[in-house]
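Asker: A structural model of the following input is requested.
(one chain, ligands or ions: 1)
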Amino acid sequence: MKFKIDEELCTGCGVCESVCDEVFEMQDDALAHVIKDPVPADLEDDAISAEETCPTEAISHE
Ligand code: SF4
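Answerer: Numbers count the residues shown, from 1 in each chain. Below you'll find the model as predicted:
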């Protein structure tokens with residue numbers, strides 16, 4: 001499963017990293033980035049939880 005973050009929507013709040021720091025990381029540009037691509041099966045549930053928690057719906061997966 002592949003996750004992506006829409007940089008136009010990400011506000012840099014850090015919620016995704018707090019929910020699933022194995023997949024989402026805040027970087028120097030103050031935005032979240034996907035650091036596992038593709039996301040391993042054992043992390044998919046946590047990554048989806050982060051996606052659902054993002055307040056701006058910036059995260060999507062395919
Ligand atoms: S939760 Fe959403 S808005 Fe907040 S840092 Fe992550 S991707 Fe960006």
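Asker: strands along this protein, start to end?
Answerer: 3-5, 24-26, 32-34, 59-61 (DSSP state E).
Asker: go through these and name the closest to the ligand.
Answerer: strand 32-34 (3.8 Å; C-beta to the nearest ligand atom). Every C-beta, even on glycine, is put in place using the N, C-alpha and C of the backbone.
Asker: and the residue nearest the centre of this structure?
Answerer: The centroid of the chain falls nearest to residue 24 when counting by C-alpha atoms, centre = their mean (4.4 Å).
Asker: which ones are touching that one?
Answerer: 5, 16, 17, 32, 33, 34, 35, 47, 50, 59 (C-beta atoms under 8 Å, 6 or more residues apart in numbering).
Asker: neighbour-wise, which one of those leads?
Answerer: The residue in the contacts of residue 24 with the most neighbours, by other C-beta atoms under 10 Å, is residue 16 (27 neighbours).
Asker: wait, residue 13 sits on residue 55?
Answerer: Yes. The pair residue 13 and residue 55 passes the contact test of C-beta atoms under 8 Å, sitting 6.4 Å apart.
Asker: and the strands of the chain as CSV, adding mean pLDDT and distance to the ligand?
Answerer: Conversion of the strands of the chain to CSV gives the following (pLDDT from 0 to 100; distance: least, C-beta to the nearest ligand atom, whole Å):
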stretch, mean pLDDT, distance to the ligand
strand 3-5, 98, 5
strand 24-26, 98, 6
strand 32-34, 98, 4
strand 59-61, 98, 5
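Asker: can you redo those as TSV, where the extra columns are distance to residue 40?
Answerer: Below are the strands of the chain laid out as TSV (distance: least, C-beta to C-beta, whole Å):
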stretch	distance to residue 40
strand 3-5	11
strand 24-26	14
strand 32-34	12
strand 59-61	13
